[in-house]
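*Asks:* Coordinates for the following, if possible.
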Amino acid sequence: MVFSAGSSWGEAFLWRFDATVGGEPKRLELASQGAWSPAVSRKGNRLAFSRFMSDADVWRLQAGGKPEPLLVSSMLDQNAQFSPDGRRIAFESGRGLDGIGIWLSNGDRPGLVQLPKGPERHP
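*Replies:* As a prediction, this is how the structure comes out:
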């Protein structure tokens with residue numbers, strides 16, 4: 001039996017329990033965090049599941065205006081910081097498809113550049 005459990009969709013993991021043997025359920029690490037709604041094929045050699053993923057974007061707010069999207073992608077975009085002169089914005093993003101990287105944007109218009117990665121890893 002495969003099931004999902006967690007305090008919320010974003011915190012859920014898939015678990016496997018062998019009802020014929022008993023014992024404790026084992027977490028299926030291959031699905032990672034946010035996995036839920038599993039379906040196992042009759043032969044037991046295929047697994048389908050849904051995954052809850054957060055898609056944060058960077059928004060801007062001009063004085064007296066309304067919030068509007070600024071840096072938007074289908075991947076995580078967060079933790080924006082203005083350059084000292086306010087003309088550029090550095091932010092974290094998963095848009096490079098090789099993990100979280102630091103990107104640089106012109107403040108008012110597109111023109112994105114991914115900064116070279118250092119030896120550090122994002123937690």
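*Asks:* Any regions of this structure where pLDDT drops low?
*Replies:* Applying pLDDT under 70 to the chain flags residues 9-10, 97-98, 108-110, 118-123.
*Asks:* the strands in it, which residues?
*Replies:* For the chain, applying DSSP state E gives strands covering 2-5, 13-16, 26-27, 35-40, 47-51, 58-60, 68-71, 77-82, 88-93, 101-106, 113-114.
*Asks:* Now mean neighbour count too, for the ones you listed, in a markdown table please.
*Replies:* (Each C-beta comes from the backbone N, C-alpha and C, glycine too.) Output for those, formatted as a markdown table (neighbours: other Cβ atoms under 10 Å):
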| stretch | mean neighbour count |
| --- | --- |
| strand 2-5 | 15 |
| strand 13-16 | 19 |
| strand 26-27 | 12 |
| strand 35-40 | 16 |
| strand 47-51 | 14 |
| strand 58-60 | 16 |
| strand 68-71 | 14 |
| strand 77-82 | 15 |
| strand 88-93 | 18 |
| strand 101-106 | 17 |
| strand 113-114 | 12 |
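*Asks:* Identify the residues contacting N79.
*Replies:* F91, E92 (Cβ atoms under 8 Å, 6 or more residues apart in numbering).
*Asks:* ok, it to W103 distance?
*Replies:* Separation of N79 from W103 (Cβ to Cβ, to the nearest Å) stands at 11 Å.
*Asks:* got any residues that touch both of the two?
*Replies:* F91, E92.
*Asks:* what pairs with Q81 across the strands?
*Replies:* Applying DSSP bridges to Q81 yields these beta-bridge partners: A90.
*Asks:* so it touches I102, yeah?
*Replies:* No - applying Cβ atoms under 8 Å, one finds Q81 not in contact with I102, separated by 9.8 Å.
*Asks:* Name the residues contacting each of these two.
*Replies:* Joint contacts of Q81 and I102 (Cβ under 8 Å, 6+ apart) are A90, F91.
*Asks:* any idea how far R46 is from the nearest residue to L28 once chain neighbours are set aside?
*Replies:* Among residues not flanking L28 along the chain, L14 sits closest, at 4.3 Å (Cβ to Cβ, 6 or more residues apart in numbering). Here the criterion is Cβ to Cβ. By it, L14 lies 14 Å from R46.
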